[in-house]
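Asks: Need coordinates for the below:
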Amino acid sequence: EVQLVESGGGLVQAGGSLRLSCAASGFTFDGHAIGWFRQAPGKEREGVSIIEGSDGSTYYADSVKGRFTISSDNAKNTVYLQMNSLKPEDTAVYYCAAERSIHSGSYYLLFGMDYWGKGTLVTVSS
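Replies: Numbering: from 1, shown residues only. Sure thing, here's the model as predicted:
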């Protein structure tokens with residue numbers, strides 16, 4: 001059974017940093033893509049970043065390029081999202097997601113993935 005458990009959310013001031021973690025179980029990263037999505041109150045879900053488990057290729061939404069970095073520790077089956085220069089508009093519930101790599105990372109950013117965690121709340125105060 002695929003399980004994804006997010007952690008690391010919290011309250012931070014604008015300009016600050018947070019690192020989210022996603023602990024995955026039930027599959028190996030090789031052959032899978034793992035990503036981060038977010039949903040702000042009253043808004044649609046947005047793809048944030050994707051990483052390919054096999055070769056480490058990464059994809060980012062334009063809104064976070066240059067500020068967020070996705071990485072993975074395949075030995076620990078954990079994916080991280082380092083978020084710097086946070087803005088109030090980054091406030092959202094952040095979800096970890098995964099799927100077998102049959103589409104591009106850009107596709108997943110737009111359309112989502114098969115498996116989802118329960119999310120962790122990030123609040124950025126101004």
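
Asks: And the lowest mean pLDDT element among the helices and strands of this structure?
Replies: When each helix and strand of the chain is scored by mean pLDDT, DSSP states H and E, helix 105-111 comes last, with a mean of 93.

Asks: buried ones in stretch 75-86?
Replies: 77-81, 83, 86 (16 or more other Cβ atoms under 10 Å). For every residue, glycine as well, the C-beta is placed using N, CA and C.

Asks: how about the nearest residue to residue 26, chain neighbours excluded?
Replies: Nearest residue to residue 26 in three dimensions, chain neighbours excluded: residue 2, at 4.1 Å (Cβ to Cβ, 6 or more residues apart in numbering).

Asks: now the one you found: how far from residue 111?
Replies: Noted for residue 2: a distance of 18 Å to residue 111, by Cβ to Cβ, to the nearest Å.

Asks: pLDDT at the most centrally placed residue in the chain, what is it?
Replies: Central residue of the chain (Cα atoms, centre = their mean): residue 36, 1.8 Å from the mean position. On pLDDT, residue 36 comes in at 98.

Asks: That one - nearest residue in space that isn't next to it in sequence?
Replies: Leaving aside its chain neighbours, residue 36 sits nearest to residue 48 (4.3 Å; criterion: Cβ to Cβ, 6+ apart).

Asks: How many neighbouring residues does that neighbour have?
Replies: Around residue 48 there are 24 other residues, counting by other Cβ atoms under 10 Å.

Asks: For it, give me its contacts.
Replies: Counting by Cβ atoms under 8 Å, 6 or more residues apart in numbering, residue 48 makes contact with 35-38, 60-61, 64, 68, 81, 94, 109.

Asks: Brilliant, that's me finished.
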